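K.L.:
Based on what follows, work out the 3D shape:
(one chain, ligands or ions: 3)
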Amino acid sequence: MTRRVWHEPYDQPTGGWGSVKSLVKHSTQQKAVSGTASLLRDHNKTGGYMCTSCAWAKPARPHLAEFCENGAKATFWDLTAKRTTPDFFARHTVTELMGWSDHDLENEGRLTHPMRYDADGDRYVPVGWEEAFAAIGSKLQGYDPKSTVFYASGRASLETSYMYQLLARLYGNNNLPDSSNMCHETTSVALPQSIGTPVGTVLLEDFGKTDCILSFGQNIGTNSPRLLHSLQEVRERDVPIIVFNPLRERGWESFVNPQRPGQMLTNTPTQIATEYHQVRAGADIAAMMGIAKAVLALDDEARRAGAARVLDEAFIAEHTHGFEAFEAMVRQTGWAEIELTSGLPRAALESAATTYARARSVIAIYGMGLTQHRLGVDNVQMLINLLLMRGNIGRPGAGICPVRGHSNVQGQRTVGIAEKTDLVPLDKLAEQFGFEPPREDGLNTVETCEAIVAGRIKAFIGLGGNFVRAIPERELMERKWRDLGLSVQIATKLNRSHLITARSTWLLPTLVRSEIDMQATGPQIVTMEDSTTCIHASRGKHRPASEHLLSEPRIVAELAKATLPPNPRVPWDAWVADYTLVRDAIAETFPDDFHDFNARLDIPGGFPRPVAARQRRWETDTGKANFKLPKALFAGFDDGTDPEIFRLITLRSNDQFNTTVYGYADRLRGIHGSRMVVMINREDRARLGIAEGGSMRLTTSTDDGIIRSMGGFQAVDYDVPSGTIAAYYPECNALIPLWQYAEESKTPAAKSVPVRITAE
Ligand SMILES: Nc1nc2c(c(=O)[nH]1)N[C@H]1C(S)=C(S)[C@@H](COP(=O)(O)OP(=O)(O)OC[C@H]3O[C@@H](n4cnc5c(=O)[nH]c(N)nc54)[C@H](O)[C@@H]3O)O[C@H]1N2
Ligand SMILES: Nc1nc2c(c(=O)[nH]1)N[C@H]1C(S)=C(S)[C@@H](COP(=O)(O)OP(=O)(O)OC[C@H]3O[C@@H](n4cnc5c(=O)[nH]c(N)nc54)[C@H](O)[C@@H]3O)O[C@H]1N2
Ligand SMILES: [Mo]
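P.N.:
Ligands and ions are numbered 1, 2, ... in the order given. Coordinates of the predicted model:
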């Protein structure tokens, strides 16, 4: 059945009554065991559990309700009363389930039993845990460790993640791809080269001290709504917020804080963005080049007038490297080229530059709109260049703020989930656990896909996530997946990756974070790291969805025990009985970050990891913060000369968490009823001879001989620049070639896919 779209531009603020209505709807539909009262008490509060939705910081003095519409939705869906039981699997073949939508699969509720895929009956059948672990362990023992992959989505705790990376290394590989390989890997590559740290430098308190915020390519209202609390306070101090985004995103425009009764009653929104620049998809380098050029011009003017310099000369001289080359490049780049590429007039960029230059301390926020492009690394480094021009790193109220995705995606990296060996203290692990870890780099996400296509991978273990749905090149990848010998999926809900079976396929159900994790020494605490490097404890409060669920640490430990020879230095059972011992091990491996770990669990607001760049110590090749030269003004793949090629942005709706589709109401964009839509500029649509709501087909424009084409999209008129279109992830992933990724970071380039449009 084709779902019909209904588009009604949303003129209400983000937050406000719309979010309350949506919250009540999802609470009722999921018959969630957690009501709003429990959310108020426990959600993101010291002594409670940390939200499983986004990774945004949790304040030391939380609001009465320290959750947002989408965090609450994620929790209601975790604590749903619905169950996907063995009986459900007996009633539906896997082939039949392949015809279900992502929404319908996860809407069946929580998985309750460990299951094995039975190819003869084309069904999942229940198995005992022991049988599952024994079978998986003996299969893994038979494979060359280099042909096995240990994927991690970003939800598992620091404790689980640490145990998981150790399992991989004891087994014999560094094949630890994770969701950040599709996400902020670009950040992890760009920032160390520029400022010597892989993470952002901003702390929550900096928002109280900032004088200006720049935002590039992030959708705050949907993907990190609690950040709006800080931005509302920022705006009340009359601090300017300058937004660069091809789409007009409601969250950046107007916000009513549901926690402020006065504002709710009067419905008088706070205006968030003071300037909104609809840059063309992939053209941020051009826009930032324009700002840099205008800042240089302001500095020239100041010098001529004998006024205070606009550039922070002292900072540039003492703390940076490469400014002269950068300055020369900016001066050489002409306004005509900048305007043509960015799609923005010079005056708009000069206005942004003037606001930027007037502000003493500036924070730059960004998301997938910068990272998921061919030149994603250059995008991020160009933003750093802008900050460095005025010394906006390493002082209060200033800095770089990548907004991370999954709630512990940053943390899993911190404790060793990384395929790159130079990011992990292998010598320390060797000494601590008495083994010789593998020393060659492992596979990241794209390299895993390439190796699967080449037939070099035999086994895939997934610690959460929906790998096959989240990666590019869906058709080829689904086909090749069938050749794997083993697929093990540790999960909470049924998703499409579980239906793309291997020769031997196992579904291992686990607890969610808000559930009580009871082990031999009592209920356990787990920890995670937020986007601002602060570490928080989390205590589950609710009864597990099924008595058959095991915790993630337990599942990892049992897999390890079934696969590896015993090692007295790795006390898997003792760790499972008492997670404080895992934290002690983490503290021993990473003393700088985690000394006195167990004693610091309940510091309100979490405890921050030390970040050298915050102190203006630059752990880079030059010992300084580096100005880096972008390779081009446009970050995508096409050359921009063919008007028939559009740049497709694949993005999230307000009713999903990645591949978990809660519903069909992208309320903040006013798009309801269907996700098979393309948001397109009205003139572009008319020029193509397509009616509003008319049917269209997208075909990727490449010369690799592979046809990637999807029909059945409905056209929705949307306020986007001509030549830029947007559609939803993960539906569109079949259109993204595997080889279209960010240079250096290999993050799939999901934000400016070159496509042609035809009417259907
Ligand atoms: N509710 C909810 N919260 C989430 C998630 C979720 O799915 N749902 N996902 C989590 C995860 S894993 C992540 S990584 C984050 C993702 O959060 P975001 O980084 O916000 O990711 P997207 O939704 O993909 O949206 C990217 C934004 O970038 C803009 N954009 C696209 N291309 C360009 C460009 O070329 N230039 C500029 N300047 N802008 C561009 C888009 O219009 C869009 O507003 O959110 C996390 N939080
Ligand atoms: N085209 C396009 N593709 C993209 C993106 C894009 O913007 N555009 N974004 C990319 C990004 S930023 C990311 S992060 C990836 C996301 O990729 P993934 O992290 O792999 O995918 P998710 O959709 O977050 O995974 C959802 C599944 O995780 C399981 N799960 C949920 N909670 C838990 C838990 O607590 N424990 C365990 N074990 N399992 C759990 C559930 O079974 C659920 O079905 O997708 C990437 N793909
Ligand atoms: Mo992400």
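K.L.:
in which helix or strand would I find residue 562?
P.N.:
Using DSSP states H and E, residue 562 sits in helix 552-563.
K.L.:
Only the buried residues of the following helix or strand past that helix, if you could.
P.N.:
Per DSSP H and E, helix 552-563 leads on to helix 572-577 as the next helix or strand towards the C-terminus. By neighbour count on 16 or more other C-beta atoms under 10 Å, the buried set for helix 572-577 is 572, 575-577. (Glycine included, C-beta is placed from N, CA and C.)
K.L.:
which one of those is nearest residue 705?
P.N.:
Within the buried residues of helix 572-577, the smallest distance to residue 705 is 48.8 Å, found for residue 572 (C-beta to C-beta).
K.L.:
gap between the nearest residue to that closest one once chain neighbours are set aside and residue 328?
P.N.:
Computed as C-beta to C-beta, 6 or more residues apart in numbering, the closest residue to residue 572 that is not its neighbour in sequence is residue 557, at 4.0 Å. Note on residue 557: its distance to residue 328, by C-beta to C-beta, to the nearest Å, is 57 Å.
K.L.:
where do the strands sit along the stretch 501-650 of the chain?
P.N.:
504-509, 518-519, 522-523, 525-529, 534-539, 607-608, 625-626, 646-651 (DSSP state E, counting those that start in this stretch).
K.L.:
The helix holding residue 562 vs strand 525-529, what angle?
P.N.:
Relative orientation of helix 552-563 versus strand 525-529 (axes from the mean of the first three to the mean of the last three C-alpha atoms, to 10 degrees): 100 degrees.
K.L.:
on contacts alone, who are the packing partners of helix 552-563?
P.N.:
For helix 552-563, the packing partners by 3 or more C-beta pairs under 8 Å, 6 or more residues apart in numbering; DSSP states H and E come out as helix 129-142, helix 158-171, strand 459-463, strand 486-491, helix 572-577.
K.L.:
got a markdown table for those, with mean pLDDT too?
P.N.:
As requested, those are arranged in a markdown table below (pLDDT from 0 to 100):
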| stretch | mean pLDDT |
| --- | --- |
| helix 129-142 | 98 |
| helix 158-171 | 98 |
| strand 459-463 | 98 |
| strand 486-491 | 98 |
| helix 572-577 | 98 |
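K.L.:
so can I have CSV of the buried residues of helix 572-577 showing distance to ligand 3?
P.N.:
Output for these, formatted as CSV (distance: C-beta to the ion, whole Å):
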residue, distance to ligand 3
572, 30
575, 28
576, 29
577, 33
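K.L.:
Nearest to residue 369 among these?
P.N.:
residue 575 (39.9 Å).
K.L.:
what's the helix or strand for residue 105?
P.N.:
Residue 105 is part of helix 102-106 when elements are defined by DSSP H and E.
K.L.:
Just list what that helix packs against, helices and strands only.
P.N.:
If you count contacts as 3+ C-beta pairs under 8 Å, 6+ apart, helix 102-106 packs onto helix 496-499, strand 660-661.
K.L.:
Among these, which comes closest to ligand 3?
P.N.:
Minimum separation from ligand 3 across these (C-beta to the ion) falls at strand 660-661, 12.6 Å.
K.L.:
Adjacent strands (with direction) for that closest one?
P.N.:
Strand 660-661 pairs in its sheet with strand 656-657 (antiparallel), by DSSP bridges.
K.L.:
any idea of the mean pLDDT for the partner strand?
P.N.:
Strand 656-657 comes out with an average pLDDT of 96.
K.L.:
So is it next to ligand 1?
P.N.:
Yes - under the criterion of C-beta under 6 Å from any ligand atom, ligand 1 is reached by strand 656-657 at 656-657.
K.L.:
Let me know the secondary structure of residue 727.
P.N.:
Residue 727 falls in the strand class when you classify it by DSSP: H, G, I helix; E, B strand; the rest coil.
K.L.:
Can you tell me the closest non-neighbouring residue to it?
P.N.:
Sequence neighbours aside, residue 678 is the residue nearest to residue 727 in space, at 4.9 Å (criterion: C-beta to C-beta, 6+ apart).
K.L.:
give me the beta-bridge partners of the one you found?
P.N.:
residue 715.
K.L.:
Can you report how many residues lie near it?
P.N.:
Counted with other C-beta atoms under 10 Å, residues neighbouring residue 678 total 24.
K.L.:
and what of residue 638?
P.N.:
Counted with other C-beta under 10 Å, residue 638 comes out at 18.
K.L.:
for residue 40, same thing?
P.N.:
Using other C-beta under 10 Å, residue 40 has 15 neighbouring residues.
K.L.:
quick one: the closest residue to it other than its chain neighbours and ligand 1, what's the gap?
P.N.:
Nearest residue to residue 40 in three dimensions, chain neighbours excluded: residue 65, at 5.5 Å (C-beta to C-beta, 6+ apart). Distance, residue 65 to ligand 1, by C-beta to the nearest ligand atom, to the nearest Å: 16 Å.
K.L.:
Just list the residues touching residue 5, thanks.
P.N.:
671-674, 676-677, 693, 714, 716 (C-beta atoms under 8 Å, 6 or more residues apart in numbering).
K.L.:
of the residues you listed, buried ones?
P.N.:
For the contacts of residue 5, a burial check counting by 16+ other C-beta under 10 Å picks out 671-672, 674, 676-677, 714, 716.
K.L.:
which two from the residues you listed end up farthest apart in space?
P.N.:
In the buried ones among the contacts of residue 5, two members sit farther apart than any others by C-beta to C-beta. They are 672 and 676, at 12.7 Å.
K.L.:
ok so, going back, now do the residue nearest to residue 727 against ligand 3, distance only.
P.N.:
Distance, residue 678 to ligand 3, by C-beta to the ion, to the nearest Å: 22 Å.
K.L.:
From residue 752, how far out is that residue?
P.N.:
For residue 678, the distance to residue 752 (C-beta to C-beta) stands at 15 Å.
K.L.:
try residue 108
P.N.:
For residue 108, the distance to residue 752 equals 35 Å [C-beta to C-beta].
K.L.:
And for residue 141, the neighbour number?
P.N.:
As a burial measure, residue 141 scores 13 neighbours (other C-beta under 10 Å).
K.L.:
give me every residue that touches it.
P.N.:
Going by C-beta under 8 Å, 6+ apart, residue 141 touches residue 563.
K.L.:
try residue 348
P.N.:
If you count contacts by C-beta under 8 Å, 6+ apart, then residue 348 has 275, 277 around it.
K.L.:
could you point out which element follows the helix or strand hosting it?
P.N.:
Using DSSP H and E, residue 348 maps to helix 346-358. Helices and strands here follow DSSP H and E; after helix 346-358, the next one along the chain is strand 362-366.
K.L.:
thinking again about what came up before, may I see the buried residues of the helix holding residue 105?
P.N.:
In helix 102-106, counting by 16+ other C-beta under 10 Å, buried: 102, 105-106.
K.L.:
Repeat that for stretch 709-729.
P.N.:
Judged by neighbour count using 16+ other C-beta under 10 Å, the buried positions of stretch 709-729 are 710, 713-718, 720-721, 723-729.
K.L.:
Which pLDDT value goes with residue 325?
P.N.:
If you check residue 325, the pLDDT there is 98.
K.L.:
check which helix or strand covers it.
P.N.:
Element membership of residue 325, judged by DSSP H and E, is helix 323-332.
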